Every structure is written in structure tokens, then in C-alpha cells.
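>>> Attaching a predicted model along with its sequence, questions to come.
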Amino acid sequence: MDDKYVMPAPDEIEQLINVGNLAELRDLLTRIHPADIANLLDELPSEETILVFELLSLEIASEVLDETGSLVRQELVEKVDDERLADLLDTLPMDDAAEFLEDLPEPVSERLIGLMEPEEAADVQEILGYEEETVGRLMNTDVAVLRRHWTVTETLEYLRSLQDAETLHYLYVVDRDDRLLGVIPLRELIMALPDATIESIMNEQVVAVPATADQEELAEMMSRYDYFAMPVVDDAGRLLGVVTVDDVLDVFEEEVTEDIQRLGGSEPLDQPYFAVSIFQIVRKRIGWLLLLFVASTLSGEVIRFFQDELDTVVALGFFITLITGTGGNAGSQTVATIIRAITLD
């Protein structure tokens, strides 16, 4: 019977470091999922975080880098050699590399891009050239493209030679000018006759999203059509890249976080809460707090205006608490039902 996968506790990692058993630690790290390694880095002290990260192979380290939070990323950028970081970015999918770089100070970002391979650097710069919150910022330019005159056999040979394609759930057919012509699910390609041409089996009713569209629009489209991936095109219908469902889940998380922060009377934060300074938090919240303060002051003035009536009929005072409490309950119910309605929309 195989042993069950158990993620080691941070104490176990620290113990191996303290006794200097780095060989065993390196072997242990190869058996831990990259997402779990990222969680461990969040809990380890700064020096041990860097040591553990340096023990990782290039492939595993790139996956861990993609999963880490903003605080750990900041430590890595400050203390890990630029050449190694650039190699890691070359290994990452281009959309993830762009996401990593966009959160860095511009001089640091430009320095790392300059150390990347020219082709990867050009792809990252293309992605970063789109406005924030647009689909172009999410797309991966490493996409498998097919020609309509190919046979199924030729296509399968082509797919076996690929290394960097983001996803093969859907295969996109383009013409000589890279205009999107159709789509073929991988399952249908495998089930087709070897001599069949791509043109004969492709679906010409392909749903694509413009690179300049809002990310929230993309999330709604992928939810509506239940797609694992969606092609991204320019104004002329040329295929630019593909967006996968994992990127859309990140969009859903960001949008829900922003909505909840607004419902709580705060402007959305640009970074995770614990990575934001107290001054930024105050700036985001002070507007609504001042507005509520003014509203409470006006409520007090209304009560003071009717003070004589309250003194005459003391029983009216009991209704103030009742009305205030009922108003709060009604507000809570309204917020809950509206949030649920927005979620299901």
C-alpha cells in the first residue's frame, strides 16, 4: 500500500536546516507539491525561505514562484540572483511571468526583462502593453495553431513536438495571416480518421474574446459556455493567444474581493491586506467613514430637534432602538440577497 501524501510542517523543514542536512531537505522538496512549498515559504523566516528556494530545481522553482504570495515574492526579488530569476521567468507561462513582473517596481521589472531570452521577453512586453484589467493581460501567447489543409496524422505529429503550449484542450485553426478560422476539441481530433483533414472536422462557430475586452466580460463568457480555455483575438480577428480557466478563477477571486470590500464601505485594495501599509488602508477607508460620520451626526440632530416631544412622551424613546435595529437587520438581509443575486447573474 502506497504511503499517503503528507505535507511536512515548517518545523520539520527548519530542523533539517538547523542540523545542516540539506541533501535530505532537497530530496524532500522534490516530493512536495509546488503549491505546498509556496505555503511553507510563507511560514518560514526570511533567510530560510531563500535557502529552501535556492535548493529547488529550475522547473519546480518556477512553479513555486507562480504560487507564492506578494510578501515572499518581494523577498525573492531582493535576495535571489537576477540571472536565476530571469531563468525562472523564461520557464513560466508568459502570462504568469507578466503577472509577476507587473507587481515589481519598473526599474526592477525592466532589468529582469533585459535578462530574459529575447523571444520570451518580447512576449512578456506584448502582454504588459495592454491596459490593466483587460483580457490581453491574462492571455498566454504560447498557443498551438493548426492549418486547415493538415491531416489528422500530421497534426498529431505536430502536437507531439510541442513543449510550450499553454493548453491542448482546444486546438485553433488559423490561415496564413493568423486569422482564426475554427476550433477542434482534442478529443474529436483523437477520434477522427487519420487521413481526415483539419478543415473537414473543425468547428467554424468558434467563440473568441478581444484582447481589449474587460476581464470581467471574459469571466462571464467562460462561465456561460463552460470552456476550459478561450482564444484571444485582435480587431482583425487574428489569433493572439489563449486564456485558460485557472486565470479566470483568479479574476473571479479579485472581483469578489473588490465587491466585498466595497460592500464593507472601503475602496478595493491594490494588494493583499497584509502587504498594504497603514496609510494606504486609511486612505481607502477614510472617505466612507467620514460619510457615515456625517450621516450619524445628522441622525443625532434629528433626535435633538424632537427632544421636547421625547420628553413629553417618554415611550417614543423605546422606538428609536427598535427602528435602528430593524433598519440594520433589513440592510443585512438586503446585502446578503444582492450578493447572492450578483453571484448567480
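Thanks, I have it.

>>> Got phi/psi on Gln215?
phi -60, psi -30 (degrees, to the nearest 10).

>>> tell me the SS of the closest residue to it other than its chain neighbours?
Residue nearest to Gln215 in three dimensions, not counting chain neighbours: Val251, with 4.8 Å by Cβ to Cβ, 6 or more residues apart in numbering. Every residue, glycine included, has its C-beta placed from N, CA and C. The three-state assignment at Val251 reads helix, by DSSP: H, G, I helix; E, B strand; the rest coil.

>>> now the strands for the stretch 201-345 of the chain?
209-210, 229-233, 239-244 (DSSP state E, counting those that start in this stretch).

>>> Quick check: mean pLDDT of the longest one?
Averaging pLDDT along strand 239-244 yields 94.

>>> Same check on the shortest one?
The average pLDDT for strand 209-210 rounds to 96.

>>> just how off-centre is it within its chain?
18 Å (Cα atoms, centre = their mean, to the nearest Å).

>>> Pull up the pairing partners for that strand, direction included.
With DSSP bridges as the test, strand 209-210 is paired with strand 229-233 (parallel).

>>> For the helix or strand containing Arg84, C-alpha coordinates in CSV please.
Element membership for Arg84, per DSSP states H and E: helix 82-91. Only the C-alpha atoms of helix 82-91 are listed here, as CSV (Å, rounded to 0.1, in the frame of the first residue of the first chain):
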residue,chain,number,x,y,z
ASP,A,82,18.8,38.3,-11.1
GLU,A,83,20.1,35.8,-13.5
ARG,A,84,18.2,32.9,-11.7
LEU,A,85,15.0,35.0,-11.5
ALA,A,86,15.3,35.7,-15.3
ASP,A,87,15.7,31.9,-16.0
LEU,A,88,12.7,31.2,-13.8
LEU,A,89,10.6,33.8,-15.8
ASP,A,90,11.7,32.2,-19.0
THR,A,91,10.4,28.8,-17.7
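
>>> quick one on the thing from earlier: nearest approach to Ile32 belongs to which of the strands of the stretch 201-345 of the chain?
Closest approach to Ile32 among the strands of the stretch 201-345 of the chain (Cβ to Cβ): strand 239-244, 24.0 Å.

>>> Give me the contacts around the closest one.
95, 135-136, 138-143, 145, 166-167, 170, 172, 174, 178-180, 208-209, 211, 218, 222, 228-234 (Cβ atoms under 8 Å, 6 or more residues apart in numbering).

>>> from those residues, which ones fall inside helices?
Those of the contacts of strand 239-244 mapping onto helices are Asp95, Leu218, Met222, per DSSP state H.

>>> Scan the residues you listed and report the most crowded one.
Comparing the ones in helices among the contacts of strand 239-244 by number of neighbours (other Cβ atoms under 10 Å), Asp95 comes first, having 25 neighbours.

>>> Give me the nearest residue to that residue, chain neighbours excluded.
Asn140 (4.4 Å).

>>> Tell me the bridge partners for the one you found.
Assigned bridge partners for Asn140, using DSSP bridges, are Val242.

>>> Surely Ser70 touches Leu104?
No. In this structure Ser70 lies outside contact range of Leu104 using Cβ atoms under 8 Å: 10.3 Å.

>>> which one of the two has more residues nearby?
Leu104 (16 against 12).

>>> Just say helix, strand or coil for that one.
With three-state DSSP as the criterion, Leu104 reads coil.

>>> per-residue confidence at the residue nearest to it when sequence neighbours are not counted?
Among residues not flanking Leu104 along the chain, Val77 sits closest, at 6.3 Å (Cβ to Cβ, 6+ apart). Each residue has a pLDDT score; the one for Val77 is 90.

>>> tell me the contacts of Val77?
So Val77 contacts Leu85, Leu104, Val108 (Cβ under 8 Å, 6+ apart).

>>> and Val183, that's in a helix?
No. Looking at Val183 with three-state DSSP, it is strand, so not inside a helix.

>>> Return the distance of the spatially closest residue to it that is not a sequence neighbour relative to Pro8.
Nearest non-adjacent residue to Val183, counting by Cβ to Cβ, 6+ apart: Val206, 4.3 Å away. Distance, Val206 to Pro8, using Cβ to Cβ, to the nearest Å: 46 Å.

>>> Write the ChimeraX selection for whichever of the contacts of strand 239-244 are buried.
Burial among the contacts of strand 239-244 is assessed by 16 or more other Cβ atoms under 10 Å; the matching ChimeraX selection reads:
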select :95,135,136,138,139,140,141,142,143,166,167,170,172,174,178,180,208,209,211,218,222,229,230,231,232,233
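
>>> wait, isn't the residue nearest to Val183 in contact with Leu180?
Yes. Using Cβ under 8 Å, Val206 is in contact with Leu180, at 6.1 Å.

>>> any common contacting residues for those two?
What both Val206 and Leu180 touch, as defined by Cβ under 8 Å, 6+ apart, is the set Tyr172, Pro231.
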